[in-house]
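Peer 1: just coords:
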């Protein structure tokens, strides 16, 4: 298995090269879990012996979201004692081409193009509550979105190569959809697959995709780190004012938001230097939101040793103009 992340990989600022170590460690954890599940299931269900040999041994290459999804589904089925579901999952794994186990560059697809998309569609609607809906987009809109996505990635790469490298490492699939829900989502159960609602009419699509891809890659990065160390120990049943959402969130969610805002601030500061509109306005909003998140974490956070180190880094990054906001909540 890849070595665990080092303290320098846990950084509010983007550290060139750190994402490779963090991502490799997380891949190793998931492959070890999946191997143990497949081996255990194969011992009790005839006809499925030897399947662990199909799993990739190299943790230096990105895995397909399919393997993360298989790990989640297999664990759930085994916990439930659902022998038929376990057998079906092993059959599917046995039939899947080996090339499908590892990501091959970046793909852009439509909602429900893959079997795991239904899981995310259901949860996005559940999380957003009344009136939320998601559905596959018109194929012509998917085709039209490819250009702005490529342009957004190129813009980030040109202005902040280290953040672009994080996106390339962590994001292997962008699934577009239409509907009335939050703009973007990702989940460890389908790690590497980012789900993005198509921009609304009048929105700058390049700025929209740049914003959301940095944002969702930040979630993936922090989730991979938190597989190594929980960082924050607060009870998730208690919620607090969130920096980027109207509804209060647990401190776990506020830590995620603050980590992402630090990356958005770094990216927008460099992009605004070459493209002031709309990034200067975005930068001001992000700096204010970041100060809010830092203040909330300071007032209420219960951290591990590494989590406390991360919070200290957040404090040092607060823009002086928002220092008073960061001083009290």
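Peer 2: Sure, I can see it. Note that the structure is a prediction, hence the values are computed from the model and not measured. Numbering: from 1, shown residues only.
Peer 1: and the helices in the stretch 1-150 of the chain, which stretches?
Peer 2: 18-44, 65-80, 83-95, 117-128, 139-159 (DSSP state H, counting those that start in this stretch).
Peer 1: check the offset of stretch 236-250 from the chain's centre.
Peer 2: Its chain's average C-alpha position is 19 Å from that of stretch 236-250, according to Cα atoms, centre = their mean, to the nearest Å.
Peer 1: rewinding a little: save the helices of the stretch 1-150 of the chain as JSON lines, and put in mean neighbour count too.
Peer 2: C-beta here means a position set from N, CA and C on the backbone, and glycine is covered the same way. Output for the helices of the stretch 1-150 of the chain, formatted as JSON lines (neighbours: other Cβ atoms under 10 Å):
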{"stretch": "helix 18-44", "mean neighbour count": "19"}
{"stretch": "helix 65-80", "mean neighbour count": "19"}
{"stretch": "helix 83-95", "mean neighbour count": "15"}
{"stretch": "helix 117-128", "mean neighbour count": "16"}
{"stretch": "helix 139-159", "mean neighbour count": "16"}
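Peer 1: out of these, which comes closest to residue 237?
Peer 2: Evaluated over the helices of the stretch 1-150 of the chain, closeness to residue 237 peaks at helix 117-128, with 16.9 Å, by Cβ to Cβ.
Peer 1: in a helix, that's where residue 200 is, yeah?
Peer 2: No: assignment of residue 200 by DSSP: H, G, I helix; E, B strand; the rest coil gives coil, placing it outside any helix.
Peer 1: got any ranges where the stretch 1-150 of the chain has weak pLDDT?
Peer 2: For the stretch 1-150 of the chain, applying pLDDT under 70 flags the ranges 1.
Peer 1: which residue ranges of the stretch 101-250 of the chain form strands?
Peer 2: 107-110, 133-135, 173-180, 184-185, 193-197 (DSSP state E, counting those that start in this stretch).
Peer 1: which of those strands is buried the deepest?
Peer 2: Highest mean neighbour count of the strands of the stretch 101-250 of the chain: strand 193-197, a mean of 25 (counted as mean count of other Cβ atoms under 10 Å).
Peer 1: that strand packs against which elements?
Peer 2: With contacts defined as 3 or more Cβ pairs under 8 Å, 6 or more residues apart in numbering; DSSP states H and E, the packing partners of strand 193-197 are helix 117-128, strand 173-180, strand 184-185, helix 205-226.
Peer 1: just send these back as TSV, with distance to residue 13 too.
Peer 2: Formatted as TSV, those follow (distance: least, Cβ to Cβ, whole Å):
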stretch	distance to residue 13
helix 117-128	30
strand 173-180	26
strand 184-185	23
helix 205-226	12
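Peer 1: just want the most central residue of this structure.
Peer 2: The centroid of the chain falls nearest to residue 220 when counting by Cα atoms, centre = their mean (2.9 Å).
Peer 1: just the pLDDT at the nearest residue to it once chain neighbours are set aside, thanks.
Peer 2: Take residue 220 and drop its neighbours on the chain: the residue closest to it by Cβ to Cβ, 6 or more residues apart in numbering is residue 170, 4.2 Å away. In the predicted model, residue 170 carries a pLDDT score of 97.
Peer 1: check residue 178 too.
Peer 2: 95.
Peer 1: who's in contact with the nearest residue to it once chain neighbours are set aside?
Peer 2: Using Cβ to Cβ, 6+ apart and skipping the chain neighbours, the partner closest in space to residue 178 is residue 137 (4.3 Å). Residue 137 sits next to 110-111, 176-178, 198 when contact means Cβ atoms under 8 Å, 6 or more residues apart in numbering.
Peer 1: export these to a markdown table and tack on distance to residue 286?
Peer 2: Below are these laid out as a markdown table (distance: Cβ to Cβ, whole Å):
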| residue | distance to residue 286 |
| --- | --- |
| 110 | 30 |
| 111 | 28 |
| 176 | 24 |
| 177 | 25 |
| 178 | 27 |
| 198 | 23 |
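Peer 1: if we can go back for a sec, can I get the strands of the stretch 101-250 of the chain in JSON lines including distance to residue 231?
Peer 2: Below are these laid out as JSON lines (distance: least, Cβ to Cβ, whole Å):
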{"stretch": "strand 107-110", "distance to residue 231": "31"}
{"stretch": "strand 133-135", "distance to residue 231": "30"}
{"stretch": "strand 173-180", "distance to residue 231": "26"}
{"stretch": "strand 184-185", "distance to residue 231": "21"}
{"stretch": "strand 193-197", "distance to residue 231": "22"}
